[in-house]
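1. Any chance you could fold what I've pasted below:
(one chain, ligands or ions: 2)
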Amino acid sequence: MTQRRALITGITGQDGSYLAEFLLQRGYQVVGMARRASTDPFERIEHVRGLITLRNADLLDQSSLIHLLKESRPHEIYNLASQSFVPTSWEQAVLTAEFTAVGVTRLLEAIRFVDPSIKFYQASTSEMFGKTHEVPQSERTPFYPRSPYGVAKLYGHWITVNYRESYGLFACSGILFNHESPRRGREFVTRKVTDGVARIKHGMATKLRLGNLDARRDWGYAGDYVEAMWLMLQQDTPDDYVIATGETHSVRELAELAFARAGLDWRQHVVEDQDLKRPAEVDLLQGDASKAKRVLGWQPKVGFRELIEMMVDADLKRYAEGSPAAGLPVER
Ligand code: NAP
Ligand code: G4F
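-> Ligands and ions are numbered 1, 2, ... in the order given. The predicted model follows:
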């Protein structure tokens, strides 16, 4: 049997790194798409860099995508690349749409042009539910995005569905709820908190400024979620799936748990900052992943407490070792 080849866009991101590991373990030949940078963005995939092929292309550039597909001839494409930070989507709304919305069409067009038998995974998001119509949210819940990011992702979702229905592509949209890990970017709230805890514990800071403490999210572990992406492309027919834990917790609960892990009282360190609140908020996300459980046989393995403790422990260790990757403060 020929070795399966997978192309991952967004290979340098959190999910790209876990998915690359996962596919390598299953014997795949992995090609990672990265955009050209003058600095080295490969920190998250350093440990697998010698095992994968890296290629330059950009979701903004149609011909680079066509060339990449012609050259790498993948059986499966996982489109994880996007401008993924919600607050930036208000500051760079047009660019977010170019990457996160129209970029999906460029990739689907490249598939149509080069090889319509390629299976396609689109990284959709619970942000599409936004101002939620019901709790919990499933594949049948109406969408109401609340940020330019959410709107752009909704376009990406529907163009994936449309190309499946229009051209018969094997195209799946995974509606993933928030998923985190020690590799999460420091601007996202879980990692901002666990990084902040470690900095405070090591005497490098005393306060941590946060925005809306009442917002609630369904937080899972990224390592569990990449398996669901792969499972979607192994089915007989393409479809869309919600991937979530089914639990919801507030940012306040997150802070309490993370500080307690380091023996600290969050109330002495967390400062609520109005400037960090969003123009329009998604107040409550809680997913119903029963379809994924029934059809894919998928369910999460890591719970909320274990996830946050894993992240705090990793950041404490990083600072204890004086890692240069410990980085600069993020005030977002
Ligand atoms: P991430 O860490 O922010 O990674 C995003 C990736 O996209 C990076 O590799 C980035 O490359 C790449 N990228 C951005 N613009 C690009 C462009 N124009 N051309 C090529 N590559 C580009 O995101 P993540 O957490 O791994 O999430 C993966 C995907 O799932 C994203 O699409 C995100 O929106 C979506 N999603 C995430 C979650 C979550 O909770 N993590 C939930 C639902 C959906 P650079 O290194 O060059 O910046
Ligand atoms: O960690 P966040 O920035 O993630 P958000 O906005 O939910 O988006 C993430 O998950 C989506 C899936 O639903 C992905 F599609 C998206 O790409 C990204 O990965 O914020 C979570 C919540 C928000 O309600 C925010 O207002 O935390 C609240 N929050 C409170 N203080 C904060 C802060 N968020 C950030 N980033 N920084 C704060 O200081």
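2. Only C-alpha atoms from now on, for both contacts and neighbour counts.
-> OK.
3. count of neighbours near residue 82?
-> By other CA atoms under 10 Å, the residues close to residue 82 number 22.
4. ok, now which ones touch it?
-> By CA atoms under 8 Å, 6 or more residues apart in numbering, the contact list for residue 82 reads 10, 96, 99, 100.
5. go on, residue 161?
-> The contact partners of residue 161, by CA under 8 Å, 6+ apart, come to 171, 172, 173.
6. For the second one, give me its contacts.
-> Contacts of residue 172 were listed using CA under 8 Å, 6+ apart, and they are 120, 121, 122, 160, 161, 232, 233, 238, 239, 240.
7. and the residue lying closest to residue 59 once chain neighbours are set aside, how many neighbours does it have?
-> Closest residue in space to residue 59, ignoring its immediate chain neighbours: residue 103 at 4.8 Å, by CA to CA, 6 or more residues apart in numbering. As a burial measure, residue 103 scores 24 neighbours (other CA under 10 Å).
8. was I right about residue 103 contacting residue 60?
-> Yes. Taking contacts as CA atoms under 8 Å, residue 103 lies within contact range of residue 60: 6.1 Å.
9. if I look at residue 4, how far off is residue 144?
-> Going from residue 4 to residue 144 by CA to CA, to the nearest Å gives 37 Å.
10. Can you pick out the residue with more neighbours from these two?
-> Taking neighbours as other CA under 10 Å, residue 4 and residue 144 compare with residue 144 leading, 17 against 14.
11. Surely the more buried one is in contact with residue 126?
-> No. Using CA under 8 Å, residue 144 makes no contact with residue 126, being 10.3 Å away.
12. What ranges does this structure have for its strands?
-> 5-9, 29-34, 53-56, 76-79, 119-125, 171-176, 179-180, 208-210, 216-217, 220-221, 240-243, 249-250, 270-272 (DSSP state E).
13. anything in the second one sitting right up against ligand 1?
-> Think strand 29-34. Yes. Residues of strand 29-34 contacting ligand 1 under CA under 6 Å from any ligand atom: residue 34.
14. Tell me how far the single nearest residue of the stretch 101-250 of the chain relative to ligand 1 lies from residue 231.
-> In the stretch 101-250 of the chain, the residue that lies nearest ligand 1 is residue 178 (3.3 Å; CA to the nearest ligand atom). Residue 178 sits 19 Å away from residue 231, going by CA to CA.
15. and what of residue 103?
-> As for residue 103, its distance to residue 231 is 24 Å (criterion: CA to CA).
16. what are the bridge partners for the nearest residue to residue 302 once chain neighbours are set aside, then?
-> Leaving aside its chain neighbours, residue 302 sits nearest to residue 221 (6.1 Å; criterion: CA to CA, 6+ apart). On the basis of DSSP bridges, residue 221 is bridged to residue 180.
17. in the protein, what spans have low per-residue confidence?
-> For the chain, applying pLDDT under 70 flags the ranges 324-332.
18. let's see 90
-> Of all residues in the chain, those with pLDDT under 90 make up the ranges 1-2, 133, 322-332.
19. quick one: contacts for residue 22?
-> Contacts for residue 22 (CA under 8 Å, 6+ apart) come out as 226, 227.
20. Please report how far it lies from residue 233.
-> Residue 22 sits 14 Å away from residue 233, going by CA to CA.
21. what does the stretch 151-300 of the chain have sitting close to ligand 1?
-> Within the stretch 151-300 of the chain, the positions adjacent to ligand 1 are 176, 177, 178, 179, 185 by CA under 6 Å from any ligand atom.
22. rerun at 5 Å
-> Among all residues of the stretch 151-300 of the chain, those adjacent to ligand 1 (criterion: CA under 5 Å from any ligand atom) are 176, 178, 179.
23. which one of those residues is nearest residue 294?
-> The nearest member of those to residue 294, counting by CA to CA, is residue 176 at 16.4 Å.
24. Run a quick neighbour tally on that closest one.
-> For residue 176, the count of nearby residues is 25 (other CA under 10 Å).
25. Before I go, just wanted to say thanks for your time.
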